[in-house]
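Visitor: fold the stuff below for me.
(one chain, ligands or ions: 2)
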Amino acid sequence: TGNQWGYGKDDGPSAWNKNYPVADGDRQSPIDILPHQARHDPNLGPIVLNYDRCTSINIANNGHSVVVEFEDSDDRSVIQGGPLDNPYRLKQFHFHWGGKGCHGSEHTVEGNGYASELHLVHWNAVKFKTFGEAASTPDGLAVLGIFLETGDEHRWLHMITDALYTVKFKGSVTDFKGFNPKCLLPSSLHYWTYLGSLTTPPLHESVIWIVVKEPMIVSEKQLGKFRTLVFTGEEEDERTRMENNFRPPQLLKGRTVRSSN
Ligand SMILES: CNS(=O)(=O)c1c(F)c(F)c(SCCN)c(F)c1F
Ligand SMILES: [Zn+2]
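Guide: Ligands and ions are numbered 1, 2, ... in the order given. Sure thing, here's the model as predicted:
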């Protein structure tokens, strides 16, 4: 069908504007963050996360990433504070990563990429009735971005990486109950924030981005397990390793990046 997109030569980020013209819009993500040009805003308070472990549902391979979905019928798991006027409900989290040794984050900092980037996707259920409505309206979504850097093993990431073999193929879904993603976060939640978009089609310009400055540290072995997933379905004959599922930085087009402290 027409809306097939991916990260390959012919269907990758440089081709997305064919089916999704907003790809060339004025508030696209990710971006390259220049800390010295970010405006420190003393009015930016801390990010407050209230996640309830009971809202996690399943882990899935959607053909683009590995995604953990959450129950979002009430305010049990929300993010608030910082640049947000309302609490935003946790809908899902997923990752973007590179190939062996090369970079795989979406946002970069002074041109430097990280090995991977975790996105916790939240939606404004005060102003919108459904996730879909929020995802297609300016500032309907708040995405918390966390960089992953290789080093020592992450003590809790094994809860995700141990489940990856069950979602190797596109379309596979497995139960994933009782997981609180707060265990993944670095100790400091100082952040940069700016107005942007989804980084995958349909690339809606609906995201308030909150990018945490301190990366989480994971081992090369843990990261390698993400690369055992494939973009393709079990029934397909070619097995395309899932890696480099990141969009490169987009033009800032006059936007301001603010910094907590
Ligand atoms: C920020 N990262 S992302 O890649 O642009 C991204 C996804 F991959 C998503 F899956 C979803 S939710 C489901 C909608 N198709 C989302 F809101 C989202 F923003
Ligand atoms: Zn993402």
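Visitor: please save the CA atoms from stretch 194-204 in PDB.
Guide: Extracted C-alpha coordinates of stretch 194-204, given in PDB (Å, rounded to 0.1, in the frame of the first residue of the first chain):
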ATOM      1  CA  TYR A 194      11.400  22.400  22.100                       C
ATOM      2  CA  LEU A 195       8.300  22.100  19.900                       C
ATOM      3  CA  GLY A 196       8.600  19.300  17.200                       C
ATOM      4  CA  SER A 197       7.100  16.300  15.600                       C
ATOM      5  CA  LEU A 198       6.800  12.500  15.500                       C
ATOM      6  CA  THR A 199      10.000  11.200  14.000                       C
ATOM      7  CA  THR A 200       8.300   8.500  12.000                       C
ATOM      8  CA  PRO A 201       5.500   8.900   9.500                       C
ATOM      9  CA  PRO A 202       2.900  10.500   9.700                       C
ATOM     10  CA  LEU A 203       5.400  13.000  11.200                       C
ATOM     11  CA  HIS A 204       2.600  15.000  12.800                       C
END
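Visitor: does ligand 1 have contacts with that stretch?
Guide: Yes - Stretch 194-204 comes into contact with ligand 1 (C-beta under 6 Å from any ligand atom), by way of 198-200. C-betas here are computed from N, CA, C, even on glycine.
Visitor: in TSV: those residues, plus distance to residue 160, secondary structure and neighbour count.
Guide: Putting the residues of stretch 194-204 next to ligand 1 into TSV (distance: C-beta to C-beta, whole Å; DSSP: H, G, I helix; E, B strand; the rest coil; neighbours: other C-beta atoms under 10 Å) gives the following:
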residue	distance to residue 160	secondary structure	neighbour count
198	22	coil	22
199	20	coil	24
200	20	coil	24
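Visitor: how about the residues of the stretch 51-200 of the chain near ligand 1?
Guide: 65, 67, 92, 94, 119, 121, 135, 141, 143, 198-200.
Visitor: neighbours around the closest residue to residue 230 other than its chain neighbours, how many?
Guide: Leaving aside its chain neighbours, residue 230 sits nearest to residue 239 (5.0 Å; criterion: C-beta to C-beta, 6 or more residues apart in numbering). Number of residues near residue 239 (other C-beta atoms under 10 Å) recorded here: 11.
Visitor: about what we covered before: would you list the residues of stretch 194-204 next to ligand 1 in CSV and tack on pLDDT?
Guide: CSV is the format used below for the residues of stretch 194-204 next to ligand 1 (pLDDT from 0 to 100):
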residue, pLDDT
198, 98
199, 99
200, 98
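Visitor: still on that earlier bit, out of the residues of the stretch 51-200 of the chain next to ligand 1, which sit inside helices?
Guide: Judged by DSSP state H, these include residue 135 as members of helices.
Visitor: turn the residues of the stretch 51-200 of the chain next to ligand 1 into CSV, including distance to residue 252.
Guide: As requested, these are exported to CSV (distance: C-beta to C-beta, whole Å):
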residue, distance to residue 252
65, 25
67, 28
92, 27
94, 24
119, 20
121, 22
135, 23
141, 19
143, 17
198, 17
199, 15
200, 20
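Visitor: excluding its backbone neighbours, what's nearest the one residue in the stretch 101-250 of the chain that gets nearest to ligand 1?
Guide: Going by C-beta to the nearest ligand atom, ligand 1 is nearest to residue 198 of the stretch 101-250 of the chain, at 3.4 Å. Once flanking residues are discounted, residue 198 sits nearest to residue 204: 5.2 Å by C-beta to C-beta, 6+ apart.
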